[in-house]
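Q: Would you be able to build a 3D model of this:
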Amino acid sequence: MLPLPTSRARRWGLLALSLFFVVAGINHFVSTAFYVNIMPPYLPAHCELVYLSGLAELIGGLAVLVPALRAAAGWGLILLLIAVFPANVHMAWHPALFAEVPAWLLYARLPFQGLFIAWAYWATRPETLEAAA
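A: As a prediction, this is how the structure comes out:
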């Protein structure tokens, strides 16, 4: 078993973060059409970008479990969350394209991107920073 953070909260937070991104990454390959549909039209190669982001989620979700890769994987997931944010904004600005989702929910989900970023940072920061805090 790979060493996990000593704090129970961070340990469970890290495991949940890993599971979240691994499941999300797999979902990009299972529900590709959904993710292609939410891509802003100004981006090229929609299908390829969906697969690339899914692969990045899978790799990042697994890499956070490897202590030597944890901090870099955390920053990678943060950058990925920032990179996919335009797709969330596109959904909110074009609710007619996503009639199955209430328009208010498309806007309500936007702040969650910031919470996911904070979660990735908190769960993957080096434990030496936790001890100093």
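Q: and the one helix or strand residue 57 maps to, what other elements does it pack with?
A: Counting by DSSP states H and E, the element that carries residue 57 is helix 46-63. When contacts are defined as 3 or more Cβ pairs under 8 Å, 6 or more residues apart in numbering; DSSP states H and E, helix 46-63 packs onto helix 8-30, helix 32-37, helix 70-93. Placement of C-beta: from N, CA and C, glycine included.
Q: How about residues contacting the shortest one?
A: Applying Cβ atoms under 8 Å, 6 or more residues apart in numbering, the external contacts of helix 32-37 come out as 28, 46-47, 50-51, 53-54, 87, 97-98.
Q: Residue 27 against residue 54, yeah?
A: Yes. Taking Cβ atoms under 8 Å as the definition, residue 27 is a contact partner of residue 54 at 7.3 Å.
Q: ok, these two, which is more surrounded?
A: Each of residue 27 and residue 54 has its neighbours counted (other Cβ atoms under 10 Å); residue 54 has more, 21 against 14.
Q: Check the nearest residue to residue 40 once chain neighbours are set aside and give its pLDDT.
A: Of all residues not flanking residue 40 in the chain, residue 90 sits nearest, at 4.2 Å (Cβ to Cβ, 6 or more residues apart in numbering). Residue 90 is assigned 94 on the pLDDT scale.
Q: Fine by me, we can end here.
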